[in-house]
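K.L.:
any chance you could fold what I've pasted below:
(one chain, ligands or ions: 1)
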Amino acid sequence: MRQGVIRRFRAWLPEIPEGAVTTIGEGDTPLIEAPTLSERVGARLFLKFEGMNPTASFKDRGMTVAVSRAVASGSRAAVCASTGNTAASAAAYASRAGMKCFVVVPAGKIALGKAVQVLAHGAEIVQIEGNFDAALRISQEIAGDRDDVTLVNSVNPDRIEGQKTGAFEICEVLGHPPDALALPVGNAGNITSYWKGFSEWREAGYSDSAPRMLGFQAEGASPLVAGHDFENPETVASAIRIGAPASKEGALAAARESGGAIESVTDGEILAAQDLLAREEGVFCEPASAAGLAGLLKLVEEGRGPEGTVVSVLTGHGLKDPDVILSRVELPEPVAATFEAVAGRMERPGP
Ligand code: AN7
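P.N.:
Residues are numbered from 1 along each chain as shown. Now for the predicted structure:
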């Protein structure tokens, strides 16, 4: 049985009374070896497929802790800003806890699957005529204004605590920390969490090394690379369309202390990496999640690729964002229900 990250890693997490634990069996996601892409990257590459969490993204690791602690504190509602995945996760965990949930999102800018999840769980969705950064400001004000409403964005430290468990799982499965970890960076909570996890693992004496942290932003939303906030961030990877990352300091510290880096990749590189993962390894992730591999391939091309064991965190499932695939590949027209028609279609050269 999946016990969830709180029961599995309790000693590493803030105190949560047993009666408040709100879990849907998150964590324990597969670490998948990627032999074909390993050749391209020139290192032993593993994919940490966070799309296998209950709401199909890594957000569930932090949400179980944030919502459980909100329950313990007597909170009656959760609020969050979101590019989609935080909203889907908050909606699910709030439902589980019997709590109300409000999500504030940029109008028309969250992927279809994520919007559908929020609606399915019955959360209140407020679309604003503004971007994620505005939504986060407003959500923080609302939580500050109302005692019984908890903010469940990653500025809530409970989210960071829960998400660090991904690092523990990687160390346990490999038997040691990887040499490098590649992941997308949006609001910068996850890179902060992973670095906290690997650092605590080393401090506890389970290893004497920690991976280089390689974070990748989409070029049109790359404030940490440019050194200034982006007022109008733009990228096909809607999950990381963020211009003023809340955990900026944590991300920069992770890169600096680990000997890593935060760099950017283009939308074209992101979509190409998403295709490679799906077509060469059979792993379908959403565009933002492919930014890690896109970044690794870019480093390799420039002769700066990491060596040894490398883990790329695939933060969300590809089914979250069907439109991005349908805009590139169409379903073919139907043919007659005959052997000849079907065989004829199969003999055609591929695209
Ligand atoms: C698939 O849901 O910010 O750097 O509001 O959904 O920790 O922000 C999502 C972010 C990477 C970036 N991959 O992580 C939200 C939200 C996926 C994501 C990120 C997100 P952070």
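K.L.:
rest of the way, CA atoms for contacts and neighbours
P.N.:
Will do.
K.L.:
so Ala254 sits right up against Ile191, yeah?
P.N.:
Yes: taking C-alpha atoms under 8 Å as the definition, Ala254 is a contact partner of Ile191 at 7.0 Å.
K.L.:
what do these two both touch?
P.N.:
Met213 (C-alpha atoms under 8 Å, 6 or more residues apart in numbering).
K.L.:
need the contact list for Gly108.
P.N.:
Per C-alpha under 8 Å, 6+ apart, neighbours of Gly108: Gln127.
K.L.:
same question, Cys101
P.N.:
Going by C-alpha under 8 Å, 6+ apart, Cys101 touches 77-79, 90-91, 94-95, 123-124.
K.L.:
measure it to the ligand for me?
P.N.:
14 Å (C-alpha to the nearest ligand atom, to the nearest Å).
K.L.:
give me the sheet partners of the strand or helix carrying that residue and which way each runs.
P.N.:
Secondary structure from DSSP states H and E places Cys101 in strand 100-106. With DSSP bridges as the test, strand 100-106 is paired with strand 77-81 (parallel), strand 124-128 (parallel).
K.L.:
tell me which of these lies nearest to Pro178.
P.N.:
strand 77-81 (32.3 Å; C-alpha to C-alpha).
K.L.:
picking up where we left off before, out of the strands paired with strand 100-106, which comes closest to Asn232?
P.N.:
The nearest among those, by C-alpha to C-alpha, is strand 124-128 at 14.7 Å.
K.L.:
is the ligand contacted by that closest one?
P.N.:
No: using C-alpha under 6 Å from any ligand atom, we find that strand 124-128 stays clear of the ligand, coming within 13.1 Å at best.
K.L.:
before we move on, which element is the residue nearest to Asp28 when sequence neighbours are not counted in?
P.N.:
Among residues not flanking Asp28 along the chain, Glu169 sits closest, at 6.9 Å (C-alpha to C-alpha, 6 or more residues apart in numbering). Secondary structure from DSSP H and E places Glu169 in helix 165-174.
K.L.:
and the contacts of Cys101, which two are the farthest apart?
P.N.:
The farthest-apart pair in those, when distances are taken by C-alpha to C-alpha, is Val79 and Ser95, at 12.8 Å.
K.L.:
sorry, back to before: with neighbour numbers in mind, choose between Ala254 and Ile191.
P.N.:
Ile191 (32 against 25; other C-alpha atoms under 10 Å).
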